[in-house]
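Asker: sequence? don't have it. structure:
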């Protein structure tokens, strides 16, 4: 613990202060600590394994790993990459440049969509929130360059600086393209102009954070009329023949209804120049090392990253991303023990059972609403570690040994995207994992009502067989409770036990919940942090989840022998330790749905009496909240 910080005044810095003084952020990362340190350790382990695979010193019984290793080797073949330069993507860039009319675009739109190129509207097939046994076809606006729409405000200096970095990056990349000096300048100006038009129509991160509002069914003919002259019906016919869906789900209605505000016959060249620049920059990680380095400059500036990773790390990162399920299964089978898996599964079940007890004792819900909530808890599926089997799609992600790195990645992308669109008329596979085993993270999926805990997160300080039960409850137990609480946050509360978007509450009960959610917004809103302020509305769902995770695990603490509440809270503070570059801090503060790490560590404990009893916290201490201001929702 820190020598000068009292835990009663600042849990986060009392626990992590000494570490913060000496921790070094790797040059190729924007942050370290907590989740990030574990991710760095997993990366080192897996990089060593990939090197051994590539050199023939190690083999795997997972067939798909052979393709991951082949892709890994292509990244390392810098001699070929440097020799090829821009060549692998040049024919595609020339095709984009040759587009003269919207009709030209319509003729190649489906091909471009499957290749992952950015069209005037983004399209996908995914689970239908209204009926999660089925898939739906989704449309929304295109992605913007800056992190969020407020960055485009006239008085946002950060946005202006980032656009200047982006323009400089594009200019350097375009030096390799067969364009005249006048064309290079025009392409960049037009790309930024088109992006500015898009930014006026698409949702902000705050709007996206209320994801239940994405469910906006619209007749296909109505959508087609809004997005004309872009021919979405031709794309649908190319994909599905005569089985064009009657209804599309519009995630971003304003962007679709007002698409002519950024895309039309009149400004078609703005779009093609934007597409040319974006396609080139997206390709740079798979081209020469010089182009690759140019293509990361915006990201480095955005996050404060000092340098690119070494080539071996880039090779592992790319291969493990494109073959993430097989790589995750390999990691889980190799490094995750069955004893730990069983122990954590028992913790998860204990958390769920205790959640049910707390739900029955809830004071603001009617019995009928409680029963619906308990039904939802009873049907939560726990996915722990890694999948038992690798899905068939991963066996299809193939390329030729003679293919360039860019060609290989392009083929993989096309196969994966085609498979995703092909799901439209297939039943939803609820066994699919949304996170691979080697990822240090966890999540709740509202459309499947399941929680996923990859093997990589199930380590110290979150969890260890060598840690006490109290420490594990303050770590992985609280995180499990956090993910379960997402089933009842401001988004998850809109979905039933089957994952369907459905109003299952009594009206007065939901109003009572919304009042508590407003209290949670107020508790966090406006807290000063690094020259800015926490947005209580943006972070409310995650803050409700932290509150619920702590509440349920503290209840469990009262049932275990020799419960050590000090150790519980100390490990809670420990798992959020983070040291980040200032640029990354500002980025997270502006758009992350999670509160900053020190605030996540320090606010939730203050809502529970166990915190005050464990450390003798009084109204003279900074880690104090008056009893009438304490919030415990779930």
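Answerer: Right, received. Where do you want to start? Because the structure is predicted, anything quoted here is derived from the model rather than measured.

Asker: Show me how the record splits the protein into domains.
Answerer: The record's domain parsing of the chain by automatic domain parsing lists 91-312, 323-391+429-629.

Asker: Please work out which of those is packed deepest.
Answerer: Of the domains of the chain, the one with the most neighbours on average (mean count of other Cβ atoms under 10 Å) is domain 323-391+429-629, at a mean of 19. (C-beta placed from N, C-alpha, C; glycine too.)

Asker: Could you tell me how far the biggest helix by length in the chain lies from the centre of the chain?
Answerer: Counting by DSSP state H, the longest helix found in the chain is helix 338-360. Using Cα atoms, centre = their mean, to the nearest Å, the mean C-alpha position of helix 338-360 is found 25 Å from that of the whole chain.

Asker: list the helices and strands it packs on?
Answerer: Applying 3 or more Cβ pairs under 8 Å, 6 or more residues apart in numbering; DSSP states H and E, we find helix 338-360 packed against helix 367-378, strand 381-385, strand 450-454, helix 478-485, helix 540-557.

Asker: try it again with 10 Å
Answerer: Where contact means 3 or more Cβ pairs under 10 Å, 6 or more residues apart in numbering; DSSP states H and E, helix 338-360 is packed against helix 367-378, strand 381-385, strand 450-454, helix 469-472, helix 478-485, helix 540-557.

Asker: Could you check those and tell me which one is nearest residue 281?
Answerer: strand 450-454 (30.1 Å; Cβ to Cβ).

Asker: Name the nearest residue to residue 301, sequence neighbours excluded.
Answerer: Nearest non-adjacent residue to residue 301, counting by Cβ to Cβ, 6 or more residues apart in numbering: residue 165, 4.5 Å away.

Asker: which secondary structure element contains the one you found?
Answerer: Using DSSP states H and E, residue 165 falls within helix 157-174.

Asker: coming back round to it: the domains of the chain: which one's closest to residue 59?
Answerer: Ranking these by their distance to residue 59 (criterion: Cβ to Cβ) puts domain 323-391+429-629 first, at 11.3 Å.

Asker: First residue to last residue on the closest one, what's the distance there?
Answerer: 48 Å (Cα to Cα, to the nearest Å).

Asker: Verify the contact between residue 153 and residue 200 for me.
Answerer: No. With contact defined as Cβ atoms under 10 Å, residue 153 does not reach residue 200; the gap is 11.2 Å.

Asker: I'd guessed residue 313 sits against residue 43; true?
Answerer: Yes. At 6.9 Å, residue 313 counts as touching residue 43 under the criterion of Cβ under 10 Å.

Asker: Looking at the two now, which is surrounded by more residues?
Answerer: Between residue 313 and residue 43, counted using other Cβ atoms under 10 Å, residue 43 has the larger neighbour count: 20 against 17.

Asker: For this protein, which segments count as strands?
Answerer: Secondary structure of the chain by DSSP state E: the strands cover 31-32, 122-128, 131-140, 217-219, 247-250, 381-385, 443-445, 450-454, 528-529, 532-533, 579-580.

Asker: can you put those in CSV and add mean pLDDT?
Answerer: Converted to CSV, the strands of the chain look like this (pLDDT from 0 to 100):
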stretch, mean pLDDT
strand 31-32, 97
strand 122-128, 98
strand 131-140, 97
strand 217-219, 98
strand 247-250, 98
strand 381-385, 94
strand 443-445, 96
strand 450-454, 95
strand 528-529, 97
strand 532-533, 96
strand 579-580, 97
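
Asker: Next, format those strands as a markdown table and append distance to residue 569.
Answerer: Converted to a markdown table, these look like this (distance: least, Cβ to Cβ, whole Å):
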| stretch | distance to residue 569 |
| --- | --- |
| strand 31-32 | 23 |
| strand 122-128 | 38 |
| strand 131-140 | 38 |
| strand 217-219 | 46 |
| strand 247-250 | 43 |
| strand 381-385 | 25 |
| strand 443-445 | 24 |
| strand 450-454 | 22 |
| strand 528-529 | 21 |
| strand 532-533 | 26 |
| strand 579-580 | 21 |
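
Asker: For residue 283, which of these is the nearest?
Answerer: For residue 283, the closest of these is strand 122-128, at 18.6 Å, according to Cβ to Cβ.

Asker: what's the offset of that closest one from the middle of its chain?
Answerer: On Cα atoms, centre = their mean, the centre of strand 122-128 falls 17 Å from that of its chain.

Asker: Name every strand pairing with that strand and say which way it goes.
Answerer: Strand pairing for strand 122-128, using DSSP bridges, gives strand 131-140 (antiparallel).

Asker: The residue nearest to residue 501 when sequence neighbours are not counted and residue 545, how far apart?
Answerer: Ranked by Cβ to Cβ, 6+ apart and with sequence neighbours excluded, the top spatial neighbour of residue 501 is residue 129, at 4.3 Å. Distance, residue 129 to residue 545, using Cβ to Cβ, to the nearest Å: 19 Å.

Asker: Next: residue 458.
Answerer: From residue 458 to residue 545 the distance is 19 Å (Cβ to Cβ).

Asker: ok, residue 256 - contacts?
Answerer: 121, 139-141, 201, 216, 218, 222-223, 226-227, 232, 248, 250 (Cβ atoms under 10 Å, 6 or more residues apart in numbering).

Asker: next one: residue 231
Answerer: If you count contacts by Cβ under 10 Å, 6+ apart, residue 231 has them with 102-103, 105-107, 109, 224, 237-238.

Asker: Cross the residues you listed against helices and list the overlap.
Answerer: Residues of the contacts of residue 231 located in helices (DSSP H): 102-103, 105-107, 109, 224, 237-238.

Asker: Output the residues you listed as JSON lines; include the columns distance to residue 352 and pLDDT.
Answerer: Shown next, in JSON lines, are the ones in helices among the contacts of residue 231 (distance: Cβ to Cβ, whole Å; pLDDT from 0 to 100):
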{"residue": "102", "distance to residue 352": "53", "pLDDT": "98"}
{"residue": "103", "distance to residue 352": "56", "pLDDT": "98"}
{"residue": "105", "distance to residue 352": "50", "pLDDT": "98"}
{"residue": "106", "distance to residue 352": "51", "pLDDT": "98"}
{"residue": "107", "distance to residue 352": "53", "pLDDT": "98"}
{"residue": "109", "distance to residue 352": "46", "pLDDT": "98"}
{"residue": "224", "distance to residue 352": "45", "pLDDT": "98"}
{"residue": "237", "distance to residue 352": "46", "pLDDT": "98"}
{"residue": "238", "distance to residue 352": "45", "pLDDT": "98"}
